[in-house]
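# Structure for this input, please:
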Amino acid sequence: MIIMALDHVRDYFHYDAFMYDPTDLTQTNGFLFFTRWITHYCAPVFVFLAGISAYLYGAKKTRKELAAYLLSRGLWMILVELFIISLGRTFNPAYPFFNLQVIWAIGISMITLSGLIYLKRPAILTIAILLIAGHNLLDGVHVPGNGLGAFLWAVLHEPHLFIFGHFKVNVLFPVIPWIGIMALGYYLGYLFSSHYNRDRRINVLFFLGFSATSLFFFLRLYNIYGDASLWSAQRTVSFSLISLLNVTKYPPSLLYSLMTLGPAMIFMALAEAPLNFITEKMVVFGRVPFFYYVLHIYLIHLLAVIAASMTGYHWSDMILNTRVNQVPGLKGYGFNLLTVYAVWILLILTLYPFCKWYERYKRVHQSGRWWLSYV
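Presented below is the predicted three-dimensional model:
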């Protein structure tokens, strides 16, 4: 949750974000690339943990109750992406631009999982692996145009920007692999059941994590399969490493999933230790993830409005009808990467007391207010 905010701050504050992509090897540098790269872990881990959470929630409910919850929760997440997150990203109540990102993908994945839970566990695992590992076979399939067929294909596999009259819809998170990642989390949810042996869980997570990471390096080093973008030796060792790690997120390739979920499982095994003073503070954000996510989008954009006004731009330049780094009127706006990190730290410190308050409120009133499970 904390790392995720860094990338969103970079979008609104970094000068170079308005000039080129941080993964463009012809223009990036090591510090910038790894600032972007470390945030790659956020979305797949969110979706994976959502699958685990669905399993744990379902352990206390009937299958029908779990399916109904996932369906309603998924529809809610889609509405949030369209009308709450979109407004926070643009500050434009006319809604000229919809950017379908991780909240949208989680919503679609939950709706799909509401049907998958009726299958036997081996079938769920098989579907998860096929979607995660097999979708790169579709990389050569393209549906051009602005019609329904192209839109449906973008929703499933190929990112694309669509213009429908006065509205722009950017499908950034095609859902096939995300459904697979959530289904995999659901399948592995049993590892986190209260009756499951802790030491065995740690061993299983270590094994799965090291296996996925090893498979990533094997497939990537030899450019065997799993990503449309091949790596190659560069002018320096550091840029060769960047090329090796520069895998595709939109949609998440097999190598992207292995590179992120593998180390994440290792980290989950290591994180079984008791909380200390620092981690006790950090988990507050994880206990109110939806509240944190919405709040941080609005606060970042508000800070960007202030920053733009203070640096010679009109506040209205930050009322957007497209992605912030594609606004012609904001060319020349932005700050260096150290300033981005400073704003990020300020953002987290500002959000902490709000999240702490809401975490306490939610804990006290959870049983009497059904809507708290959706916020």
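
# Relative to the whole chain's centre, how far out is the longest helix anywhere in the chain?
When the chain is parsed with DSSP state H, its longest helix is helix 337-365. Helix 337-365 sits 19 Å away from the centroid of its parent chain (CA atoms, centre = their mean, to the nearest Å).

# Kindly report the same for stretch 221-231.
On the basis of CA atoms, centre = their mean, stretch 221-231 sits 23 Å off its chain's mean C-alpha point.

# mind exporting that stretch as CSV, just the C-alpha atoms?
This file holds the C-alpha atoms of stretch 221-231, laid out as CSV (Å, rounded to 0.1, in the frame of the first residue of the first chain):
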residue,chain,number,x,y,z
LEU,A,221,17.5,-15.6,-19.5
TYR,A,222,17.0,-17.7,-22.6
ASN,A,223,14.0,-15.7,-23.9
ILE,A,224,12.0,-18.9,-24.1
TYR,A,225,8.5,-17.8,-23.4
GLY,A,226,6.3,-15.6,-21.3
ASP,A,227,6.8,-12.0,-22.5
ALA,A,228,6.4,-10.3,-25.9
SER,A,229,9.4,-8.0,-25.1
LEU,A,230,12.7,-9.9,-25.2
TRP,A,231,15.7,-8.8,-23.2
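
# avg pLDDT for it?
Mean per-residue pLDDT for stretch 221-231: 97.

# which parts of the host helix or strand of residue 292 are buried?
In the assignment (DSSP states H and E), residue 292 maps to helix 289-310. By 16 or more other CB atoms under 10 Å, the buried positions in helix 289-310 come out as 289, 291-297, 299-301, 303-305, 307-308. C-beta here means a position set from N, CA and C on the backbone, and glycine is covered the same way.

# Output it as CSV - backbone C-alpha positions only.
Output of helix 289-310 as CSV, limited to C-alpha atoms (Å, rounded to 0.1, in the frame of the first residue of the first chain):
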residue,chain,number,x,y,z
PRO,A,289,-7.0,-0.7,2.0
PHE,A,290,-10.0,0.6,0.1
PHE,A,291,-10.3,3.7,2.3
TYR,A,292,-6.6,4.3,1.9
TYR,A,293,-6.7,3.8,-1.9
VAL,A,294,-9.5,6.3,-2.5
LEU,A,295,-8.1,8.9,-0.1
HIS,A,296,-4.6,8.7,-1.4
ILE,A,297,-5.7,9.3,-5.0
TYR,A,298,-7.7,12.5,-4.0
LEU,A,299,-4.9,13.8,-1.8
ILE,A,300,-2.2,13.3,-4.4
HIS,A,301,-4.2,15.2,-7.0
LEU,A,302,-5.0,18.0,-4.5
LEU,A,303,-1.3,18.4,-3.7
ALA,A,304,-0.6,18.4,-7.5
VAL,A,305,-3.1,21.3,-7.9
ILE,A,306,-1.3,23.2,-5.2
ALA,A,307,2.1,22.4,-6.7
ALA,A,308,1.0,23.5,-10.2
SER,A,309,-0.4,26.7,-8.9
MET,A,310,2.8,27.5,-7.0
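
# before we move on, back to that, which other helices and strands does the longest helix of the chain contact?
helix 2-13, helix 30-37, helix 277-287, helix 289-310 (3 or more CB pairs under 8 Å, 6 or more residues apart in numbering; DSSP states H and E).

# packing partners for the helix holding residue 292?
Looks like helix 289-310 contacts helix 2-13, helix 86-90, helix 337-365 (3+ CB pairs under 8 Å, 6+ apart).

# can you put those in a markdown table and add mean pLDDT, distance to residue 250 and mean neighbour count?
Output for the helices and strands packed on helix 289-310, formatted as a markdown table (pLDDT from 0 to 100; distance: least, CB to CB, whole Å; neighbours: other CB atoms under 10 Å):
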| stretch | mean pLDDT | distance to residue 250 | mean neighbour count |
| --- | --- | --- | --- |
| helix 2-13 | 97 | 14 | 21 |
| helix 86-90 | 97 | 17 | 20 |
| helix 337-365 | 95 | 22 | 16 |
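
# what's the closest of those to residue 228?
helix 2-13 (22.2 Å; CB to CB).

# and the direction of that closest one versus that of helix 337-365, what angle?
Here helix 2-13 runs at an angle of 130 degrees relative to helix 337-365 (axes from the mean of the first three to the mean of the last three CA atoms, to 10 degrees).

# what's helix 2-13 in contact with?
Applying CB atoms under 8 Å, 6 or more residues apart in numbering, the external contacts of helix 2-13 come out as 17, 22, 35-36, 38-39, 41-42, 46, 282, 285, 296-297, 300-301, 303-304, 307, 323-325, 334-335, 337, 339-341, 343-344, 347-348.

# in the protein, which residue is closest to the centre?
residue 43 (2.1 Å; CA atoms, centre = their mean).

# my read is that one is in a strand, agree?
No - the assignment for residue 43, made by DSSP: H, G, I helix; E, B strand; the rest coil, is helix rather than a strand.

# please renumber so the chain begins at 8
Noted, 8 is the first residue going forward, which turns the last one into residue 50.

# isn't it right up against residue 113?
No - counting by CB atoms under 8 Å, residue 50 sits too far from residue 113 to count as a contact (9.0 Å).

# Show me what residue 178 bridges to in the sheet.
residue 107, residue 167 (DSSP bridges).

# Tell me, how many residues neighbour it?
Neighbour count for residue 178, taken as other CB atoms under 10 Å: 26.

# Tell me if I'm right that it and residue 162 touch.
Yes - if you go by CB under 8 Å, residue 178 and residue 162 touch, sitting 5.8 Å apart.

# tell me, what's touching the two both at once?
In contact with both residue 178 and residue 162: residue 107, using CB under 8 Å, 6+ apart.

# Apart from its neighbours in sequence, what residue is nearest residue 80?
residue 117 (5.4 Å; CB to CB, 6 or more residues apart in numbering).
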